[in-house]
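Asks: pasting the sequence and the predicted coordinates here, then a few questions.
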Amino acid sequence: MSAPRPKPLPDVKAPDTAGFYEAAKRHSLVVQKCNNCGEMRFPPLPICSNCWSSDQDWAEIEPTGTVWSWVVYHRALEPSFADEIPYAVGRVKTTAGPTFTVRLNIPIEEIEIDMPVTATFKDVNDEVSLLEFSKA
Amino acid sequence: MDIRGKVAIVGVGHSEQGTLPGRSPEQLSIEAIKSALDDAKLTKEQLDGLITCKSVQGGNADVQVGPLFGLSPQYSQTLDYGTCNFSLHLAVQAILTGMAETICLVYGANARSGRFNFSASAPNLAGASGFVHIAGQGAMALQRHKKKFGTTDEQFGMFAVSEREWARLNPLAIFQDPLTIEDYLAKPYMVEPMRREDVTMISDGGVALIVTSAERAKDFPNKPIYILGMAEQSEIRGDYFDDYLMRPFLKKSGEQVWRNTGLKPSDIDILYIQDPTAMWDLQMVEHYGFVPEGEGGPWVAEGHTRPGGSLPLNTNGGQLSESYMWGWLHIVEAVRQLRGTVEPQRQVPNPELAMYCSTMTFMKGACSIIGTHQ
Ligand SMILES: [Zn+2]
């Protein structure tokens, strides 16, 4: 047997996203917030797409939302996930506004569109904690 | 500006399709250009324009095709996104502004034998969550459509089934095995609620078209197929609103083309939709107004898109069953159907108007209406 293929991980050191992953390590959900016009977004951008201000910070948001839609991977299209098949991915609209497309840590037969969910975090290693959503 | 009937397609061609190891995108482009020139009874010296389309996996820019082409036409361009519609629209603009008179449009790709990874995961949250491949986004949109409008697997599966029925009448099509709706429903999900049969398979090949002014078109041996209407709509801002996977911006492309041409969906004899997944078929028949939004499922289940149906869709088998040429083979098929020169078993009786709708992921949409009369 060869060593298991490493699973893809986000680049937690990239300057524009580092703040998100630092908060995730503390199991806190943050989004980028423009200090000029108040727009909140994820993924982050170097400037505000609404007013073009570069004055922005990470803002903690309510870790709640609803499932906009969801899918189940029955085939490991990325081979390193073969041991997790079947797994569910959902597009979640947070109460604060921004959406996240991440794993749903919910039994597949219980997942429904519009169901309320809450942010949870899976500690992958010392540096990486991944956002998931679980039943509210 | 009214573009109706001022530019025509006078040649179409393509290389073999499938797994073609050892041939570069540029080489496959030249094979396709030769085929289109033969069809138009033209030599390469008679072209004064070349518009190449970058390959899905990179390569095939005009400056890469040029050395193999062996000539430097007056006008050359490259577009970074395929589907032929954007290239065709650029050619119409170039011809009507006098930049060139006879232009070859070409696409070439070796994504299959080059083992291009369509499942590559981005180093971001979605990638680390295993949200990979276009099937993920297509399935996400389909699940939402099912919930919102009650669309069922039995209904949705008819896109894949009807395209396979057409493919079985097309010798060029790669997928020829019979596929009934019962066969479809018995297949496992790949990315639920989507099955393998709802998703394109990548392939190698090249496709080319020759486009010229309507005045010159009369000198060519083939019946000219005129461009009667065209429209585009971008959504280049991307994923910034909740429903972006449903691609509602495509409605604006439809509104433009119906307004500019004075035509309506029921005037179209044959429809072509670029279909990396069958969800694109469902979205575009609704957004372009062939059926009201939400009614695409029951409508396709009635059999309209099948051989003999009221609105034949992707009579080549589409990308689901013919070959993955980023939509380029759809318009080749549309031209041949309008000329009346496809194999008799799949020739639609006396079509006069065809429409081709395509998209570049979730960020751009385009459509063209072509026909036998100016
Ligand atoms: Zn702002």
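Replies: That came through, no problem. Numbering: from 1, shown residues only, chains lettered A, B, ... in the order given.
Asks: give me the helices and strands touching whatever helix or strand B:Phe86 lives in, please.
Replies: B:Phe86 belongs to helix B:85-96 when assigned by DSSP states H and E. If you count contacts as 3 or more Cβ pairs under 8 Å, 6 or more residues apart in numbering or on different chains; DSSP states H and E, helix B:85-96 packs onto strand B:7-14, strand B:49-53, strand B:75-79, strand B:102-110, strand B:204-213, strand B:225-234, strand B:353-360, strand B:364-371. Using the backbone N, CA and C atoms, a C-beta is placed for each residue, glycine as well.
Asks: do a quick rundown of the helices in the chain.
Replies: If you meant another chain, say so; for now it's chain A. A:18-25 (DSSP state H).
Asks: was after chain B, sorry
Replies: In chain B, the helices defined using DSSP H lie at B:25-40, B:62-69, B:85-96, B:125-128, B:134-149, B:153-167, B:181-186, B:214-217, B:250-261, B:278-287, B:296-301, B:318-321, B:328-339.
Asks: flag the shaky bits of the stretch 101-250 of chain B, pLDDT-wise.
Replies: For the stretch 101-250 of chain B, residues meeting the criterion pLDDT under 70 lie at B:118.
Asks: re the thing from before, now render the helices of chain B as TSV, adding mean neighbour count.
Replies: Formatted as TSV, these follow (neighbours: other Cβ atoms under 10 Å in any protein chain shown):
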stretch	mean neighbour count
helix B:25-40	23
helix B:62-69	16
helix B:85-96	22
helix B:125-128	21
helix B:134-149	23
helix B:153-167	24
helix B:181-186	14
helix B:214-217	16
helix B:250-261	19
helix B:278-287	27
helix B:296-301	21
helix B:318-321	30
helix B:328-339	26
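Asks: to the ion, which of these lies closest?
Replies: Closest approach to the ion among the helices of chain B is made by helix B:125-128 (22.4 Å; Cβ to the ion).
Asks: what does chain A put close to the ion?
Replies: Counting by Cβ under 5 Å from the ion, the residues of chain A close to the ion are A:34, A:36-37, A:39, A:48, A:50-51, A:53.
Asks: buried subset of those residues?
Replies: A:34, A:39, A:48 (16 or more other Cβ atoms under 10 Å in any protein chain shown).
Asks: looking at the nearest residue to A:Asp114 once chain neighbours are set aside now. What's its pLDDT?
Replies: Leaving aside its sequence neighbours, A:Asp114 sits nearest to A:Thr66 (Cβ to Cβ, 6 or more residues apart in numbering or on different chains; 5.3 Å). For A:Thr66, the pLDDT comes out at 98.
Asks: wait, A:Thr66 touches A:Lys93, no?
Replies: Yes: at 5.7 Å, A:Thr66 counts as touching A:Lys93 under the criterion of Cβ atoms under 8 Å.
Asks: so which residue of chain B comes closest to the ion?
Replies: Taking Cβ to the ion, chain B has B:Tyr240 as its residue nearest the ion, at 12.9 Å.
Asks: dump the residue contacts of the closest residue to that residue other than its chain neighbours.
Replies: Leaving aside its chain neighbours, B:Tyr240 sits nearest to A:Ser49 (7.1 Å; criterion: Cβ to Cβ, 6+ apart). Residues in contact with A:Ser49 (Cβ atoms under 8 Å, 6 or more residues apart in numbering or on different chains) are A:39, A:41, B:237, B:240.
Asks: next step: those restricted to strands.
Replies: Among those, DSSP state E puts A:Arg41 in strands.
Asks: quick revisit: okay, now the residue of chain B closest to the ion: neighbour count?
Replies: 13 (other Cβ atoms under 10 Å in any protein chain shown).
Asks: please enumerate the strands of chain A.
Replies: A:30-34, A:40-41, A:56-60, A:64-73, A:87-94, A:99-104, A:116-123, A:129-135.
Asks: please name the strands paired to the lowest-mean-pLDDT helix or strand in chain A in the sheet, noting orientation.
Replies: One helix or strand of chain A scores below all others by mean pLDDT, DSSP states H and E: strand A:40-41, with a mean of 94. Strand A:40-41 has its sheet partners listed here by DSSP bridges as strand A:30-34 (antiparallel).
Asks: can you check the pLDDT for residue 26?
Replies: All of this refers to chain A. Value listed for A:Arg26 in the pLDDT field: 97.
Asks: let me rephrase: I mean chain B.
Replies: pLDDT, B:Glu26: 95.
Asks: verify the stated contact: it with B:Gly59.
Replies: Yes: counting by Cβ under 8 Å, B:Glu26 does reach B:Gly59; the two are 6.7 Å apart.
Asks: if we can go back for a sec, out of the strands of chain A, which is closest to B:Ala139?
Replies: strand A:64-73 (4.2 Å; Cβ to Cβ).
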